[in-house]
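Enquirer: Output the structure for:
(chains A, B, C and D)
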2 protein chains.
Amino acid sequence: MADPPVTLKDVAARARVHPATASRALNPETRLLVREDTAQRVLDAAAELGYRPNTVARSLRTRRSHSVGVLIPDLNNPLFPPIVRGIEDRLAAAGYVALIGNTDGDAERERMLFEQMRARHVDGLVLATVHLGDPLLAESARADLPVVLMNRLAHDYSLPSVSVDNERGIRMAVAHLAGLGHTRIAHIAGPQEVSTGLARYRGFIAAMEAHGLAADPELIVTAKSFSIDEGLRCAQLLLTRDGGCTAVAAGNDMLAIGCYAALDEAGLSCPEDLSVIGFNDMPFIDRLRPPLSTIRFPHYQVGTEAAQLLLERIAGHTGPVKVLFLAPELVVRGSTAPPGGIAGAPPAAGPGRADQASGPAR
Amino acid sequence: MADPPVTLKDVAARARVHPATASRALNPETRLLVREDTAQRVLDAAAELGYRPNTVARSLRTRRSHSVGVLIPDLNNPLFPPIVRGIEDRLAAAGYVALIGNTDGDAERERMLFEQMRARHVDGLVLATVHLGDPLLAESARADLPVVLMNRLAHDYSLPSVSVDNERGIRMAVAHLAGLGHTRIAHIAGPQEVSTGLARYRGFIAAMEAHGLAADPELIVTAKSFSIDEGLRCAQLLLTRDGGCTAVAAGNDMLAIGCYAALDEAGLSCPEDLSVIGFNDMPFIDRLRPPLSTIRFPHYQVGTEAAQLLLERIAGHTGPVKVLFLAPELVVRGSTAPPGGIAGAPPAAGPGRADQASGPAR
DNA sequence: CAGTGGCAGGCAATCGTCTGCATTGGTGGA
DNA sequence: TCCACCAATGCAGACGATTGCCTGCCACTG
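Expert: Model (predicted):
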């Protein structure tokens, strides 16, 4: 029943050439070593037989698996699907595939996945999970395994990476709130061990100063993780602060959702009692009520760029390390308004507006 | 700089045995062919050298790639990340990895991905994309490639599959609406070429009859795809119907979101003017305002079960084909209420309730 | 006419692992 | 004592493709 697979030897036999010649004819890189009519004969034979090269055998010989590992915290975090698609699409165009690993923020699991990737001889890694000074980085370097960081930064710029300009993004958020008239602006910071959390925190401080506002330490709470639960906890804390605040710049959208929950529980409403702005512009975040104002960056493109950088390293480009920053963009929706509630016109429209996150290109 | 990789031969040399012996000692299946102390010596040597078997070479020899292909429409559809995680987790436990392919509902793209998977010699396929009578199925059968369907059903039950009991689910939705007192209930049906869309449509008709209600053809609209846009279009259509309706059972949550958008545009509100119930209980759907009532099924488990079924087929279990149905569950939130608006107590709480979709186990 | 050079294609080794078969040495039974 | 048998291990040939090297062959040149 199962047709025996067609091998290079079969193709060669049918084209009446040596397998080596068939190999060269089939490979675009080496085709010019073969006379044109011979090559054509091989190509025809391959087509007639429905020949499909065995990637496994090829990998063994060339020591290239044409696969790369991608380590992310959790695919269920809506931030990642678009990024992963970006990676996969770019890789596919180059004949590569991605092996996805979810670490769940667990260092041990991360190491296990790393080992698995190495056992499968991936040609490179995209890491969205490393903490600053992660031992995995040293190990990859020792194994000559190309690595690209995503939404993370090597503190010494020694590794290629793709991320949004976090400082600039959070500055845009603060500027927006300050522009609406807020002065008591709180910040729910992300975990400070990851560069994203740290950069946004620093950006917040800098932006407040730039606007001549005091960054009251009472109004800065640090979340242990980028999760709804932590957002809820931190927001509850903020609501108890003396002096209060009229706006919150959350470290990311998940934390902002936590704020919504805290307001709900306290019987308060957004943006009347508290303006909230997030970061990331996750898919569907525009469907919340009120639709969340946030800082958008091109998720899909983060993926494609990361893949691109990795492919370059794999191909042996040894030039200077590229550190890519993508530009953030302020998206104003309904969750931010002047302090004390809506002054004039309603601040923003609901869903259905053109500002929805657009799907990935094809 | 890069350490030369440790091979089986190195391990054998260090343990002073033949590579064949080392191979047997390392493989649990064949370890009993080797004297215990010899095996131990090999194991020690392997550990000291940090030996990691080359999966590529192993695959070539054993004709098992220990990888499976997973074809889904689009990872960006929030329904899929939990399912994919389920698949990956179950596969990882068996030493397998998943190669994800997004078809975007494009048949040509689907074929291309299928070819790619075959070229990589995947040991099996999980398909969430096939249409009824898809030629890919015949081709897989011819190649002796195990296949499992997800959220799809082979009309003749000839292939293993995992899906929710759609008829039963939609019946629960209709029963809920009827129980609230609705009689003019509309249905936005999914595409009828996919078994999910068809089954829910049929279930709707049956459920209406069972409740002694007329399934007015005017109140049944068929969407071209399971998307927000189509939901919007269909809902707009429904709002123009004479006689009107007081409730909508949407073919899935995306279509339900489309209903929300249509209501927004028409200046109507949910559930006062129209009750809406979805299907799937997508992640974050409970964060909408109002939180969507819907039919939940265990996404993560769909993934694990599909992977399990596939692993069984790969292992050569040739028993009768298993067709698995998972039980749906009604989740009542704030988008459904008695006709004519809220009668008594407010129908449901907002976010923060215990009915949030729970994360994957572990 | 001999020598040189270059093109096309064949030969065979190789990648790392697995596995059917042969070989060794030892044991027990007739 | 001899043989059959078993357990433990060695041997070598796959698996399928790639690639360095070599061999023809032909044309051109001096």
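Enquirer: quick one: the helices in the stretch 201-350 of chain A?
Expert: A:228-239, A:253-266, A:299-314 (DSSP state H, counting those that start in this stretch).
Enquirer: Now do the last one: which elements does it pack against?
Expert: Other elements packing on helix A:299-314 under the criterion 3 or more CB pairs under 8 Å, 6 or more residues apart in numbering or on different chains; DSSP states H and E are strand A:67-72, helix A:80-93, strand A:125-127, strand A:147-150, strand A:161-164, strand A:323-326. All C-beta atoms are positioned from the backbone trio N, CA, C, and that covers glycine.
Enquirer: quick one, which of the ones you listed is nearest to DNA strand D?
Expert: strand A:67-72 (15.5 Å; CB to the nearest atom of the strand).
Enquirer: for chain A, what are the low-confidence residue spans?
Expert: A:1-3, A:132, A:341-362 (pLDDT under 70).
Enquirer: What segments of it are strands?
Expert: A:67-72, A:97-102, A:125-127, A:147-150, A:161-164, A:185-189, A:220-222, A:247-250, A:275-277, A:294-296, A:323-326, A:329-331 (DSSP state E).
Enquirer: Need the winner for burial among these.
Expert: strand A:247-250 (a mean of 30; mean count of other CB atoms under 10 Å in any protein chain shown).
Enquirer: For it, give me every contacting residue.
Expert: Residues outside strand A:247-250 that contact it (CB atoms under 8 Å, 6 or more residues apart in numbering or on different chains) are A:170, A:173-174, A:177, A:180, A:182, A:184-188, A:204, A:231, A:235, A:238, A:256, A:258-259, A:274-279, A:336, A:339.
Enquirer: For whichever residue of the stretch 101-250 of chain A sits closest to chain B, give its distance to DNA strand D.
Expert: Per CB to the nearest CB, A:D144 is where the stretch 101-250 of chain A lies closest to chain B, at 3.7 Å. Distance, A:D144 to DNA strand D, using CB to the nearest atom of the strand, to the nearest Å: 18 Å.
Enquirer: how many neighbours does that residue have?
Expert: A:D144 has 9 neighbours, counted by other CB atoms under 10 Å in any protein chain shown.
Enquirer: What of A:V332?
Expert: Residues lying near A:V332 (other CB under 10 Å) number 16.
Enquirer: thought it was touching A:L177?
Expert: No. A:V332 is not in contact with A:L177 according to CB atoms under 8 Å; the separation is 10.7 Å.
Enquirer: Against B:V84, how distant is A:A235?
Expert: 31 Å (CB to CB, to the nearest Å).
Enquirer: Check which residues of stretch A:191-207 are buried.
Expert: A:191-192, A:194-201, A:203-205, A:207 (16 or more other CB atoms under 10 Å in any protein chain shown).
Enquirer: what would the residues you listed look like in CSV with distance to DNA strand C?
Expert: Conversion of the buried residues of stretch A:191-207 to CSV gives the following (distance: CB to the nearest atom of the strand, whole Å):
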residue, distance to DNA strand C
A:P191, 39
A:Q192, 42
A:V194, 36
A:S195, 36
A:T196, 38
A:G197, 41
A:L198, 41
A:A199, 41
A:R200, 45
A:Y201, 46
A:G203, 47
A:F204, 51
A:I205, 52
A:A207, 53
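Enquirer: Just the closest residue of chain A to chain B, please.
Expert: A:R289 (3.0 Å).
Enquirer: number of nearby residues for the closest residue to A:P19 other than its chain neighbours?
Expert: Leaving out its chain neighbours, the residue that sits closest to A:P19 by CB to CB, 6 or more residues apart in numbering or on different chains is A:A12, at 4.3 Å. A count of nearby residues for A:A12, using other CB under 10 Å, gives 21.
Enquirer: so what's A:A12 up against?
Expert: A:18-19, A:21-22, A:42, A:45.
Enquirer: One more pass at 10 Å, please.
Expert: A:A12 sits next to A:18-23, A:25-26, A:42, A:45-46 when contact means CB atoms under 10 Å, 6 or more residues apart in numbering or on different chains.
Enquirer: Tell me the spacing between it and B:H121.
Expert: Counting by CB to CB - A:A12 and B:H121 are separated by 20 Å.
Enquirer: likewise A:G212?
Expert: 64 Å.
Enquirer: wait, A:V34 sits on A:P28?
Expert: No. The pair formed by A:V34 and A:P28 falls short of the contact definition of CB atoms under 10 Å, at 11.4 Å.
Enquirer: the more surrounded of the two?
Expert: Taking neighbours as other CB under 10 Å, A:V34 and A:P28 compare with A:V34 leading, 21 against 7.
Enquirer: Tell me which of A:G212 and B:H121 has more neighbours.
Expert: Each of A:G212 and B:H121 has its neighbours counted (other CB under 10 Å); B:H121 has more, 19 against 8.
Enquirer: Pull up the overlap in contacts between A:V332 and A:L177.
Expert: With contacts defined as CB under 10 Å, 6+ apart, the residues shared by A:V332 and A:L177 are A:277, A:293.
Enquirer: Do I have it right that the residue of chain A closest to chain B meets B:R289?
Expert: Yes. At 3.0 Å, A:R289 counts as touching B:R289 under the criterion of CB under 10 Å.
Enquirer: tell me which residues of stretch A:34-53 are tucked away?
Expert: Buried residues in stretch A:34-53 (16+ other CB under 10 Å): A:34, A:38-39, A:41-43, A:45-46, A:51-53.
Enquirer: can you redo those residues as TSV with distance to chain B?
Expert: Formatted as TSV, these follow (distance: CB to the nearest CB, whole Å):
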residue	distance to chain B
A:V34	22
A:T38	24
A:A39	21
A:R41	23
A:V42	18
A:L43	17
A:A45	18
A:A46	13
A:Y51	10
A:R52	5
A:P53	7
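Enquirer: List, out of these, those positioned next to DNA strand D.
Expert: The subset of the buried residues of stretch A:34-53 within reach of DNA strand D, by CB under 7 Å from any atom of the strand, is A:51, A:53.
Enquirer: Distance of A:R14 relative to A:A46?
Expert: 9 Å.
Enquirer: Then A:L26?
Expert: On the measure of CB to CB, A:L26 and A:A46 end up 6 Å apart.
Enquirer: Which residues are in contact with each of those two?
Expert: The contact lists of A:L26 and A:A46 share A:8, A:11-12, A:53, where a contact means CB under 10 Å, 6+ apart.
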